[in-house]
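Asks: predicted coordinates and the sequence they were generated for:
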Protein chains: 10
Amino acid sequence: MTMSQSILETFPNPAPHRNYVIHHSTPEFTSVCPITGMPDFATIELEYIPDEKCIELKSLKFYYHSFRNEGIFYEAVTNRLLDELSGVCNPRWMQVTGRFAVRGGIGSVITVETGSKPE
Amino acid sequence: MTMSQSILETFPNPAPHRNYVIHHSTPEFTSVCPITGMPDFATIELEYIPDEKCIELKSLKFYYHSFRNEGIFYEAVTNRLLDELSGVCNPRWMQVTGRFAVRGGIGSVITVETGSKPE
Amino acid sequence: MTMSQSILETFPNPAPHRNYVIHHSTPEFTSVCPITGMPDFATIELEYIPDEKCIELKSLKFYYHSFRNEGIFYEAVTNRLLDELSGVCNPRWMQVTGRFAVRGGIGSVITVETGSKPE
Amino acid sequence: MTMSQSILETFPNPAPHRNYVIHHSTPEFTSVCPITGMPDFATIELEYIPDEKCIELKSLKFYYHSFRNEGIFYEAVTNRLLDELSGVCNPRWMQVTGRFAVRGGIGSVITVETGSKPE
Amino acid sequence: MTMSQSILETFPNPAPHRNYVIHHSTPEFTSVCPITGMPDFATIELEYIPDEKCIELKSLKFYYHSFRNEGIFYEAVTNRLLDELSGVCNPRWMQVTGRFAVRGGIGSVITVETGSKPE
Amino acid sequence: MTMSQSILETFPNPAPHRNYVIHHSTPEFTSVCPITGMPDFATIELEYIPDEKCIELKSLKFYYHSFRNEGIFYEAVTNRLLDELSGVCNPRWMQVTGRFAVRGGIGSVITVETGSKPE
Amino acid sequence: MTMSQSILETFPNPAPHRNYVIHHSTPEFTSVCPITGMPDFATIELEYIPDEKCIELKSLKFYYHSFRNEGIFYEAVTNRLLDELSGVCNPRWMQVTGRFAVRGGIGSVITVETGSKPE
Amino acid sequence: MTMSQSILETFPNPAPHRNYVIHHSTPEFTSVCPITGMPDFATIELEYIPDEKCIELKSLKFYYHSFRNEGIFYEAVTNRLLDELSGVCNPRWMQVTGRFAVRGGIGSVITVETGSKPE
Amino acid sequence: MTMSQSILETFPNPAPHRNYVIHHSTPEFTSVCPITGMPDFATIELEYIPDEKCIELKSLKFYYHSFRNEGIFYEAVTNRLLDELSGVCNPRWMQVTGRFAVRGGIGSVITVETGSKPE
Amino acid sequence: MTMSQSILETFPNPAPHRNYVIHHSTPEFTSVCPITGMPDFATIELEYIPDEKCIELKSLKFYYHSFRNEGIFYEAVTNRLLDELSGVCNPRWMQVTGRFAVRGGIGSVITVETGSKPE
């Protein structure tokens, strides 16, 4: 378990007998470009179908804030969010979308998923 | 039958020979956080394909209002709405979506369904 | 043929050799609640793939207006619109959507179809 | 000082030498209709030019929540919000706007102000 | 007092010591064209600064519905709404705006006011 | 009186004792570029305060259509609309706005008025 | 080849080895109602997968303008556009959508396609 | 007269007896940053009240294109546009607004005017 | 001069003979709540009429970023931005607007200005 | 490798073990019409599933700028962008969408893809 993962808390899924989707969205994510040291800003969308555990909302907020001074690229941070978030709750399916603010006239969206979403 | 379920009334489906979708949406749902005691606010979308019974609209309003002082988590309340609403009308398919107001910079949407939607 | 159906006129489909979609949408539909006698308001979307006949637009307007003083529930009126409209033109596929104005803080959408839409 | 007013806290205006506008907006206000006992929902916009005191944000949230089970009309509650909020901070100018959810097909907005806004 | 005016009820202004604006808006107004007999549809915005009396919301709904089978032109109905509504509550200022649905490719808005709005 | 003006009809203002605004808006105006012969398209907004006469809506539609094959520049046509429309009804104030579709990457709006609008 | 078809020009598809979609959209289409002689207005969306030929953009503009004084119904004109446009370029797939302006309170959309769109 | 000004053409104002506003807007303006050599992009809004001359639309397009390889700062280019455009037509009033695309997370709008706008 | 002010650079106003408005807007501002230590997020709008100096855009970006780890309240930070930004360029007029993200269901906007804006 | 391709740089995919989507969008693309010499403007959307290499964002910006003085048609440039961008990074799937500004009243969108997108 990574240090940032240890911030995350879970609680038992109240309805493990069915597949259902939990979607948490925040426009308040910021990290740092590892080359220029300048801040990056993103909206992060987290969607998952829980198995036995759900992610506790307040700990999710603290987890996101732990990236505030982290130097990391768009593609790497979105994949790491997926790895760490799915690592603590073992969901049936999870998708993370990072919508990064415009740099050099170009806006970027990275979409990563694990598991397969039941129809 | 739970106490809040007893508020709900039904009437006979006027077209049981076909599959069709009824969608009721309200931005006026509020319950209470069981930990902090602070109010939560949500828009609730109810969609279903009726079998023999339809849910009466006025009783649905009273049913939603019965959660006003209930202490209950997002995931739990959305699953309970589905269980109780499907319990009184036995639909061919039903989906409940709870869009919860921003807390800690994070907005949450929980989507729960039962039965399978005919194409 | 019902009395309101007799208002509807049709004309020969100018392209019966192909499947294509005709969509008529009006925000100007009003009927009356059979219990309270208060007016209901809806936007009606009519979509269909014609077979041999198309519905004439002006007669469709008069047909909708014939519901102005009719006392009828949401689910019933949307199914009746489908039955009567498909009854006069025998389409390959037809769908009627009624988007009803907010009552008691709840907005309602009823979606009814007949036949199966070719892909 | 009323009981609900006693919930409100203030802090010293950090820039009393200039006129500037503070605007707090919440879609999470609910009270009760004194006749029907049914809940009302509103978005409340509070705008003011502080004199010596500013209203503390967290106490404002608790103050709004204190109306949750209060039976009070639209016009009365908007005027009372203005009286109580201006009463605790004596602003140079204050305006309260209540945007109430649709009832009987009619949406209502009440706008109340005290003092005159410097140009 | 006209017959439709007799539908309207008032209640005492809870804050007659100050000028403040009450705004009621409804998309559910319909009357009839006196020439063609075809229905007209409008959104009606009523804004006023009350003096001693406020207009009761439920009676306002019934008052609007009384125009359902009335044959009357856009300009005439908007002026009549102003005359009758101001007649029952003697406001310090009142404005009525009728936003009429498109006819012949042309949408129309009629804006009528009485008294002068204090700055 | 010009030939196109002779299409316009008026009716007596039902409320000449007060100043009020009539606004007719159509996205269905088309004329022809006098140089290239290519069609131009515009949304025309007509706003006026009537004196003794109002412009009849159906005749206004026919009047706009009379420009369909007219070769005329943006600035000229907007001024001519104002001259002809104000010429037939002698309003207390009138404004015509022409919002012309993009040509060469540039969209154009011409706004012309006559008389002065009472506050 | 029809007279209006003869206006259309084509150029060789620069990438015939792959399936790709070309979409041209114009809000500047107008024809005439064959019964009333009144103008109709539409937005036309043309989408196709070219085979050996692409439609030249300037000639497409002239082709659309050739309908300006044509008397033709919605369903007929949309089918004719598809027949003529596909006739000159023999696409692998083509779809024409006509979004016609509101008449009698009803807006209409006709969607016609030929060939089958590769996934 | 500058070289770029010589691109601009004018025609006589068809209605010099009245004050009216001409507004041309283009999202297709691009110049070059004089320090980095990287392209800048802007939407340019030109509004003016003509006196004796109006700016011809096609020449305006060519004039804007003449900045394509010009190295010039936001504040300087917006002022130069105003100087050159007003220089060729001597308007009663003119305003130029440059809305520049985001650089470094910051969007910029420069608004420059000459003369005073008649009320 | 404060330490953060020393980050800001200026350049000579290219058009000091006229009053014109420069508007820089960024959604990428973040500071820290001095009580909870949790991050705050805001959109900052800076508008000013320059006198002799303009603020250089890249240095403005660095200046904003210098607040990233600063613990400061909404009202205080908005006033400080105005003091420091106006302090380095002595504008004829300046306004700073801070639009802060929702906390406790309440969104906040602080608007501060110095000098008086010429009409 | 073409000259413009040589501008593009890549970096190793940080998560080659999974399929995920990278989407870069820019409204700042401009080239030149090969017939008229007039500038064209487009928004370019690039979406791909990387295999071993990702496209470096800053080099992508320079690559797009290299088309600034290139004379090339819509269909050709969109296909060339796909060929060159996929050529340097060999993605599992790639799609390029060019949304070109209105010319002659017609807006155009070209959508080109290579490989097949995993579900």
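Replies: Cool, got the structure. Numbering: from 1, shown residues only, chains lettered A, B, ... in the order given.

Asks: would you map the helices across chain A?
Replies: Along chain A, counting by DSSP state H, helices occupy A:57-65, A:74-89.

Asks: out of the ones you listed, deepest packed?
Replies: Highest mean neighbour count among the helices of chain A (mean count of other C-beta atoms under 10 Å in any protein chain shown): helix A:74-89, with a mean of 21. To be clear about C-beta, it is placed using only N, CA and C from the backbone, and glycine gets the same treatment.

Asks: single out the residue in chain A that lies closest to chain C.
Replies: Chain C sits closest to A:E119 of chain A, with a gap of 17.4 Å, by C-beta to the nearest C-beta.

Asks: measure that residue to F:G107 for me?
Replies: As judged by C-beta to C-beta, to the nearest Å, A:E119 and F:G107 stand 45 Å apart.

Asks: please say which of those two ends up with more neighbours.
Replies: F:G107 (17 against 6; other C-beta atoms under 10 Å in any protein chain shown).

Asks: what does the pLDDT read for the closest residue to that one other than its chain neighbours?
Replies: Using C-beta to C-beta, 6 or more residues apart in numbering or on different chains and skipping residues adjacent in sequence, the residue nearest F:G107 is H:S25, 5.0 Å away. We have a pLDDT of 98 for H:S25.

Asks: so H:S25 makes contact with H:T43?
Replies: Yes. Using C-beta atoms under 8 Å, H:S25 is in contact with H:T43, at 6.9 Å.

Asks: so where is chain A shaky, pLDDT-wise?
Replies: Within chain A, not a single segment meets pLDDT under 70.

Asks: what ranges does it have for its strands?
Replies: Listed in chain order, the strands of chain A (DSSP state E) span residues A:10-12, A:21-32, A:39-49, A:53-55, A:93-103, A:106-115.

Asks: and the fourth one, anywhere near chain B?
Replies: Meaning strand A:53-55. Yes. Judged by C-beta under 8 Å from any C-beta of the partner chain, strand A:53-55 comes into contact with chain B at A:C54.

Asks: could you say what helices and strands that strand packs with?
Replies: strand A:10-12, strand A:21-32, helix A:74-89 (3 or more C-beta pairs under 8 Å, 6 or more residues apart in numbering or on different chains; DSSP states H and E).

Asks: rerun that using 7 Å as the cut-off
Replies: Judged by 3 or more C-beta pairs under 7 Å, 6 or more residues apart in numbering or on different chains; DSSP states H and E, the packing partners of strand A:53-55 are strand A:10-12, helix A:74-89.

Asks: spatially central residue for chain A, please.
Replies: Taking C-alpha atoms, centre = their mean, the centroid of chain A lies closest to A:L81, which sits 4.1 Å from it.

Asks: roughly how far apart are the residue nearest to it when sequence neighbours are not counted and D:S25?
Replies: Leaving aside its chain neighbours, A:L81 sits nearest to A:V96 (4.8 Å; criterion: C-beta to C-beta, 6+ apart). Using C-beta to C-beta, A:V96 is found at 30 Å from D:S25.

Asks: show me which of those two is the more surrounded one.
Replies: More neighbours surround A:V96 than the other of A:V96 and D:S25, with 25 against 17 (other C-beta under 10 Å).

Asks: contacting residues around the residue nearest to A:L81?
Replies: Shown in contact with A:V96 (C-beta atoms under 7 Å, 6 or more residues apart in numbering or on different chains): A:I44, A:L46, A:T78, A:L81, A:L82, A:L85, A:V112.

Asks: now do A:F41
Replies: Each residue near A:F41 by C-beta under 7 Å, 6+ apart is listed here: A:T30, A:A101, I:E28.

Asks: turn those into a markdown table, columns for distance to B:L8 and neighbour count.
Replies: Shown next, in a markdown table, are the contacts of A:F41 (distance: C-beta to C-beta, whole Å; neighbours: other C-beta atoms under 10 Å in any protein chain shown):
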| residue | distance to B:L8 | neighbour count |
| --- | --- | --- |
| A:T30 | 46 | 20 |
| A:A101 | 46 | 17 |
| I:E28 | 48 | 22 |
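
Asks: show me which of these is closest to chain H.
Replies: For the contacts of A:F41, the closest approach to chain H (C-beta to the nearest C-beta) belongs to I:E28, at 4.1 Å.

Asks: can you tell me the closest non-neighbouring residue to the closest one?
Replies: H:G105 (4.1 Å).

Asks: please apply the same query to A:E45.
Replies: Of all residues not flanking A:E45 in the chain, A:T97 sits nearest, at 4.2 Å (C-beta to C-beta, 6+ apart).

Asks: please tell me how far the one you found sits from J:H17.
Replies: Between A:T97 and J:H17 the computed distance is 19 Å (C-beta to C-beta).

Asks: please apply the same query to A:H24.
Replies: 25 Å.

Asks: of those two, who's got more company?
Replies: Taking other C-beta under 10 Å, A:H24 and J:H17 do not tie; A:H24 has more neighbours (23 against 6).

Asks: ok so, going back, roughly how far does the residue nearest to A:E45 sit from A:T78?
Replies: Separation of A:T97 from A:T78 (C-beta to C-beta) stands at 8 Å.

Asks: of all the residues in chain A, which ones are close to chain F?
Replies: Counting by C-beta under 7 Å from any C-beta of the partner chain, no residue of chain A lies close to chain F.

Asks: find the closest residue to chain F in chain A.
Replies: Ranked by C-beta to the nearest C-beta, the top residue of chain A for proximity to chain F is A:G105, at 18.9 Å.

Asks: list the contacts of that residue.
Replies: Contacts of A:G105 (C-beta under 7 Å, 6+ apart): H:A101, J:T26, J:E28, J:K61.

Asks: ok, the closest residue to chain H within chain A - how many residues close by?
Replies: Nearest to chain H in chain A, going by C-beta to the nearest C-beta, is A:V102, at a distance of 4.9 Å. Counted with other C-beta under 10 Å, residues neighbouring A:V102 total 21.

Asks: leaving aside the residues next to it on the chain, what's closest to it?
Replies: Excluding the flanking residues, the one nearest A:V102 by C-beta to C-beta, 6+ apart is H:V102, at 4.9 Å.

Asks: and that neighbour, how far is that from E:S66?
Replies: Distance, H:V102 to E:S66, by C-beta to C-beta: 54 Å.

Asks: what's the spacing between the closest residue to A:Q5 other than its chain neighbours and D:P91?
Replies: Excluding the flanking residues, the one nearest A:Q5 by C-beta to C-beta, 6+ apart is A:E84, at 4.7 Å. From A:E84 across to D:P91, the span is 47 Å (C-beta to C-beta).

Asks: thanks again, I'm all set now.
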